[in-house]
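Asks: here is the input, now give the coordinates:
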Amino acid sequence: MTRNERYKITMDYFRTNVGEVTTELMFGSAFQLICATLLSAQCTDKRINAITPALFQHFPDAKTMAKAEVEDVFEYVKSVSYPNSKAKHLVEMSRMLVEAYGGEVPSDPKELVKLPGVGRKTANVVQAVWFGKPTLAVDTHVYRVSHRLGLVPKEANTPRKVEDYLMKHIAKEEVTNAHHWILLHGRYICKSARPLCEKCPFEAFCPKLLENSKLE
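Replies: Purely as a prediction, here's the structure:
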């Protein structure tokens, strides 16, 4: 089976059986989305959704959070991974948003990655989910599933290489959905340690059946 055939089968399945989908993170503004996405690094969306209502109640926008001390924000995020650095990044990001962008989240990716704690993945999520741009964020789920399903070659050994390869093979109008399709497949079916192969619609052609597969 060629790689193009793999793309056709997987994208056709997701398009037909999943359809329109978006992030599972809860947010009410671009600022809240970028905060939630930043917090979600190395942490589950479920955990982030559990703590952000209280966080956003006290700090609903950049101007409010910019006035806070790191210790104040830490109290609301202390149950997530790396709470000290994330609390620091949230406050520093808020202050930069106020000082440089009038409290608004910029849509330009070059400006987004200037914000403390915001890397390419977070910037791509914000662009896709809030601004509707055809960007594809590669997290651990997208990276893992892309390799397991044979959507990318083994040489695509960094998140950026996986992103570039997927972007070349997925129709522009489906990029945003495809990101969530692949991510959710990795989160609920093609799990890291114990993939639920018996529930996978791609079991018949998954490259795990091949020699030197990344899936052991």
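Asks: residues near Gly186, how many?
Replies: If you count neighbours by other C-beta atoms under 10 Å, Gly186 ends up with 22. For glycine as for every other residue, the C-beta is placed from the backbone atoms N, C-alpha and C.
Asks: do the same with the one 3 residues further on
Replies: Residues within reach of Ile189, counting by other C-beta under 10 Å, total 17.
Asks: now do Tyr143
Replies: Neighbour count for Tyr143, taken as other C-beta under 10 Å: 21.
Asks: Asn17 now?
Replies: Counted with other C-beta under 10 Å, residues neighbouring Asn17 total 9.
Asks: please report how far the nearest residue to it once chain neighbours are set aside lies from Thr64.
Replies: The shortest distance from Asn17 to any non-neighbouring residue, by C-beta to C-beta, 6 or more residues apart in numbering, is to Pro201 (7.6 Å). For Pro201, the distance to Thr64 (C-beta to C-beta, to the nearest Å) stands at 45 Å.
Asks: Met26 too?
Replies: For Met26, the distance to Thr64 (C-beta to C-beta) stands at 18 Å.
Asks: what's the helix or strand hosting Phe56 packed up against?
Replies: Using DSSP states H and E, Phe56 sits within helix 45-58. Judged by 3 or more C-beta pairs under 8 Å, 6 or more residues apart in numbering; DSSP states H and E, helix 45-58 is in contact with helix 30-39, helix 70-77.
Asks: which helices and strands does the following helix or strand past the last one pack with?
Replies: For helix 70-77, the following helix or strand on the C-terminal side (DSSP H and E) is helix 83-101. The elements that helix 83-101 packs onto, with contact taken as 3+ C-beta pairs under 8 Å, 6+ apart, are helix 30-39, helix 62-66, helix 70-77.
Asks: if we can go back for a sec, wait, which of the helices and strands packed on helix 45-58 is closest to Val142?
Replies: Shortest distance between Val142 and those, using C-beta to C-beta, is found for helix 30-39: 14.0 Å.
Asks: contact partners of that closest one?
Replies: Here helix 30-39 makes contact (C-beta atoms under 8 Å, 6 or more residues apart in numbering) with 23, 25-27, 48-49, 51-52, 55-56, 60-62, 65, 77, 80, 86, 89-90, 93-94, 97, 103-105, 112, 115, 117-118, 122, 125-126, 129-131.
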